[in-house]
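> sequence first, then the predicted structure:
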Amino acid sequence: MIAIVENGKVVETGTHHNLLVTSTSYNSLFSMQHISEECQTRSEVTKKKTLPIKEDSSQDDEQPDEPRESKREVKELPEKEQIQKKETHIFFRIWFALTEKEIIKTTIGSLAAAFAGISKPFFGFFIITIGVAYYHPDSKEKVALYSAIFASIGVLSLFANTLQHYLFGIVGEKAMTNLRRALYTATLRNELAWFEKPENSIGSVTSRIVSDTSTVKIIISDRMSVIVQCISSIVIATTVSMIVNWRMSLVAWAVMPCHFIGGLIQAKSAKGFSGDGTLAHSELVALASESATNIKTVASFCHEEQILEKAKLSLKRPLRKGKTESIKFGIIQGTSLCLWNIAHAVALWYTTILVDRNQASFENGIRAYQIFSLTVPSITELWTLIPTVLSAIDVLKPVFQNLDRCTEIIPDTPDTSEHETIKGEIEFINVQWHLLGKGGAGKSSIVALLLRFYDINEGKVLIDGKDIRYYNLRKLRAQIGLVQQEPLLFSCSIRENICYGSERASEAEIVEVSRSAHIHEFISNLPDGYDTLVGEKGSQLSGGQKQRIVIARALLKKPRIMLLDEATSALDTESERAVVSALESMKLNSFGGTKVTQVTVAHEAFHNNKFRYYNCYGQR
């Protein structure tokens with residue numbers, strides 16, 4: 001039975017011979033095909049007279065027909081982007097959910113980071129103590145004791161920092177791995193319509209999985225460990241200084257903005273002063289590149305002096321900019337040092353007041369302030385790290401939205417038939433597929449609906465009299481073979497590409513399907529045979545060779561339904577006849593002698609009376 005589809009509707013049905021007599025459109029299509037075949041045959045005869053025969057390497061094979069618009073439009077599905085609203089903040093999901101199994105490493109790493117942070121205020125505490133110890137009668141013993149304490153703090157700090165970054169590095173790597181695995185799994189579970197949205201292009205999805213997920217490692221390994229260290233340093237510094245002298249501690253906090261602002265200004269000015277030297281000297285780089293490329297022309301015209309003059313002129317602007325930046329940098333550096341000296345002056349002045357009032361000793365006053373002054377870098381670093389963590393969390397929002405998204409077509413629903421074997425009876429009931437543009441008449445939409453790439457809004461698609469939505473999606477697709485117009489291969493060997501349809505296939509089965517697809521002889525003549533690498537997207541093979549490997553891959557699944565979506569359009573005439581002959585000779589398969597239902601989509605009318613064929617012909 002052949003059905004002619006125009007504008008999304010079946011206009012005529014019948015056998016090949018009946019339609020040749022009764023159908024004008026079918027007769028026209030069939031006649032045009034024969035004219036095209038005769039012209040191609042004559043062209044091949046002419047080529048054979050002048051050129052040696054070359055198997056499967058014609059230009060038609062290398063440059064197949066231009067594929068149909070990849071962005072074919074189907075009826076827009078209602079928006080069901082059901083994003084589960086997570087009340088838990090992304091930060092806590094990163095810190096607890098992704099590192100749940102690494103709680104011991106996280107705890108030990110946090111303790112190590114906390115101890116590493118303690119070293120700074122303790123260093124400020126003992127540096128004043130050792131200075132005062134020189135004025136005691138037993139200074140030798142005290143200096144030796146405090147020197148040993150200094151050395152111990154340094155060794156323990158080295159051990160704590162090493163342990164901190166090692167453990168947080170492991171936790172960050174595993175968190176990134178867990179997130180990538182979960183995101184990759186969630187991405188593969190999405191329906192096909194999700195991938196066709198502009199925001200889910202190949203580049204966006206790849207960047208999300210590879211680049212965005214690496215932000216988790218940056219947050220945990222590079223940021224959180226340092227944040228824990230800085231918080232520990234600030235808390236311990238505040239506590240110790242309050243114990244030593246609470247009045248001086250409050251003054252130290254009061255002058256802290258001077259230290260803090262000075263540090264920020266200095267860090268920002270240093271970053272700005274370094275600038276982009278490549279951008280500033282771009283004119284000189286372009287001139288040097290152009291001169292070196294055209295050196296023969298420059299030398300033949302004796303134009304070297306003019307080139308040097310241009311180079312000198314191009315350096316004047318960066319020189320002026322460098323002078324201005326140097327002045328700015330000097331003023332900023334002076335301002336930051338001025339703020340620091342103001343803070344020191346206020347602290348020393350207030351220390352003298354406390355000593356004069358007998359409210360503190362000189363040693364304790366300076367010690368309380370010194371503890372804070374050595375903790376200022378931790379406060380500055382914490383201030384700069386928090387915004388970077390928040391920015392990184394914003395980058396991860398789309399990632400967690402993908403994780404939380406509920407796919408519209410669930411592959412493994414509990415109420416579907418998991419072990420049911422289909423027979424191949426296909427039926428559409430009250431289904432409309434949308435047709436837009438000049439390219440299609442609804443043919444490929446049928447293929448997409450049969451594979452349940454999309455869910456229909458109304459009506460039913462039946463296989464064996466049963467709605468395909470009640471089949472287990474994985475089991476359903478496992479029994480359907482698909483060969484598309486554009487042959488798609490993976491960057492691996494021919495054997496691995498063929499076995500993609502059935503990983504447990506034996507060597508005999510691989511050879512059998514390769515013979516059926518008329519590709520075995522070609523593969524056998526290759527130096528590495530079936531272990532030959534096909535290159536990226538099969539770049540080492542011609543279009544016809546790739547298509548026949550794809551057909552062999554589909555045949556290896558031993559499908560109950562074979563979908564051929566313009567499967568022969570990329571082949572030359574000889575390869576096309578061989579593949580059509582192979583499909584026609586495939587009368588029975590291994591499912592107890594059951595016939596295979598073939599759905600053939602084609603622009604050209606070729607017939608087959610041995611199978612139940614649904615040939616859908618569109619207009620261009």
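Perfect, thanks for sending it. Residues are numbered from 1 along each chain as shown.
> ok, Q540 - contacts?
Applying Cβ atoms under 8 Å, 6 or more residues apart in numbering to Q540 gives the contacts T532, L533, V534. Yep, even glycine has a C-beta here, placed from its N, CA and C like the rest.
> which one among the residues you listed gets closest to A347?
L533 (71.1 Å; Cβ to Cβ).
> please tell me how far that closest one sits from S493.
L533 is 6 Å from S493, where distance means Cβ to Cβ, to the nearest Å.
> before we move on, back to that, now the buried members of the contacts of Q540.
Among these, those buried by neighbour count (16 or more other Cβ atoms under 10 Å) are V534.
> tell me the SS of E408?
What DSSP: H, G, I helix; E, B strand; the rest coil gives for E408 is coil.
> brain fart, L462
Going by three-state DSSP: L462 is strand.
> the helix ranked longest in the chain packs against which elements?
Among the segments of the chain that qualify as a helix by DSSP state H, the longest is helix 304-356. Judged by 3 or more Cβ pairs under 8 Å, 6 or more residues apart in numbering; DSSP states H and E, helix 304-356 is in contact with helix 246-274, helix 277-280, helix 282-293, helix 362-373.
> can you list these in TSV and add mean neighbour count and distance to N525?
Shown next, in TSV, are the helices and strands packed on helix 304-356 (neighbours: other Cβ atoms under 10 Å; distance: least, Cβ to Cβ, whole Å):
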stretch	mean neighbour count	distance to N525
helix 246-274	17	61
helix 277-280	11	53
helix 282-293	13	46
helix 362-373	23	80
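> out of those helices, nearest to L382?
That would be helix 246-274 among the helices and strands packed on helix 304-356, by Cβ to Cβ, at 10.3 Å.
> still on that earlier bit, quick one: mean pLDDT for the longest helix of the chain?
Helix 304-356 shows a mean pLDDT of 80 in the predicted model.
> between helix 282-293 and it, find me the angle.
150 degrees (axes from the mean of the first three to the mean of the last three Cα atoms, to 10 degrees).
> so R495 sits in a strand?
No: looking at R495 with three-state DSSP, it is helix, so not inside a strand.
> between the helices and strands packed on helix 304-356, which gets nearest to S207?
Of the helices and strands packed on helix 304-356, nearest to S207 by Cβ to Cβ is helix 277-280, at 25.4 Å.
> what mean pLDDT does the closest one have?
58.
> one more: stretch 446-458?
Across stretch 446-458, the average pLDDT comes to 77.
> quick one: V447 and D565 touch, right?
Yes: using Cβ atoms under 8 Å, V447 is in contact with D565, at 5.1 Å.
> could you tell me which residues touch both of the two?
L482, V601.
> quick one: the longest helix of the chain to helix 362-373, angle?
140 degrees.
> ok so, going back, any chance of the contacts of Q540 in TSV, plus secondary structure and pLDDT?
Listed next are those as TSV, based on DSSP: H, G, I helix; E, B strand; the rest coil; pLDDT from 0 to 100:
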residue	secondary structure	pLDDT
T532	coil	86
L533	strand	88
V534	coil	85
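> I149: which of the contacts of Q540 is nearest?
Using Cβ to Cβ, the contacts of Q540 come closest to I149 at L533, 64.0 Å.
> dump the residue contacts of E304.
In this structure, E304 makes contact with V298, judged by Cβ under 8 Å, 6+ apart.
> per the record, what domains does the chain have?
Per the record, the chain has its domains at 2-34, 95-245+361-407, 269-359, 426-601, by the TED database.
> in a markdown table: those domains, plus distance to A252.
Converted to a markdown table, the domains of the chain look like this (distance: least, Cβ to Cβ, whole Å):
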| stretch | distance to A252 |
| --- | --- |
| domain 2-34 | 79 |
| domain 95-245+361-407 | 4 |
| domain 269-359 | 7 |
| domain 426-601 | 62 |
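> out of the helices and strands packed on helix 304-356, which comes closest to Y135?
helix 362-373 (9.8 Å).
> mind telling me which of the helices and strands packed on helix 304-356 the model trusts least?
Among the helices and strands packed on helix 304-356, helix 277-280 carries the lowest mean pLDDT (a mean of 58).
> can you get me the start-to-end distance on stretch 367-385?
End-to-end distance for stretch 367-385: 28 Å, by Cα to Cα, to the nearest Å.
> neighbouring contacts of that stretch?
117, 120-121, 123-125, 127-129, 223, 226-227, 229-231, 233-234, 237, 240-241, 244-245, 248-249, 251-253, 256, 259-260, 263-264, 267, 343-344, 347, 351, 360.
> of those residues, buried ones?
Among the contacts of stretch 367-385, the ones that count as buried by 16+ other Cβ under 10 Å are 117, 120-121, 123-125, 127-129, 223, 226-227, 229-230, 233-234, 237, 240-241, 244-245, 248-249, 251-252, 256, 259-260, 263, 343, 347, 351, 360.
> between the two ends of stretch 480-497, how far is it?
Start-to-end, stretch 480-497 (Cα to Cα) is 17 Å.
> would you mark the buried spots in that stretch?
Within stretch 480-497, judged by 16+ other Cβ under 10 Å, the buried ones are 480-487, 489, 493-497.
> biggest separation within those residues, which pair?
I480 and S493 (25.1 Å).
> for I498, the count of nearby residues, please.
Neighbours of I498 under the rule other Cβ atoms under 10 Å: 28.
> any idea which element it lies in?
helix 494-498 (DSSP states H and E).
> using CSV, write down the CA coordinates of the following helix or strand past that helix.
Sequence order places helix 507-516 as the next helix or strand after helix 494-498, per DSSP H and E. Output of helix 507-516 as CSV, limited to C-alpha atoms (Å, rounded to 0.1, in the frame of the first residue of the first chain):
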residue,chain,number,x,y,z
GLU,A,507,31.4,-11.1,14.9
ALA,A,508,29.2,-13.2,12.7
GLU,A,509,26.2,-10.8,13.3
ILE,A,510,28.3,-7.8,12.5
VAL,A,511,29.5,-9.3,9.2
GLU,A,512,26.0,-10.4,8.3
VAL,A,513,24.4,-6.9,8.7
SER,A,514,27.4,-5.4,6.9
ARG,A,515,26.8,-7.8,4.0
SER,A,516,23.2,-6.8,4.0
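> give me the contact list for helix 507-516.
Residues contacting helix 507-516 (Cβ under 8 Å, 6+ apart): 495, 498-499, 502, 520, 523, 530, 551-553, 555-556, 582, 585-586.
> and which of those is nearest T215?
C499 (36.6 Å).
> next up, the contacts around that closest one.
Per Cβ under 8 Å, 6+ apart, neighbours of C499: A505, I510, R553, L556.
> and it, how far is that from V255?
With Cβ to Cβ as the criterion, C499 and V255 are 73 Å apart.
> over to V395?
37 Å.
> hey, which helix or strand in this structure has the poorest pLDDT?
helix 59-62 (a mean of 39; mean pLDDT, DSSP states H and E).
> quick revisit: pick the one among the contacts of C499 closest to A186.
Checking those one by one against A186 (Cβ to Cβ), the nearest turns out to be R553, at 26.7 Å.
> then that closest one would be within a strand, right?
No: under three-state DSSP, R553 sits outside any strand and is assigned helix.
> wait, it sits on R495?
No: if you go by Cβ under 8 Å, R553 and R495 don't touch, sitting 10.7 Å apart.
> just checking, what packs against whatever helix or strand K142 lives in?
Taking DSSP H and E as the criterion, K142 maps to helix 139-189. Under the contact definition 3+ Cβ pairs under 8 Å, 6+ apart, helix 139-189 sits against helix 103-133, helix 214-217, helix 225-244, helix 376-404.
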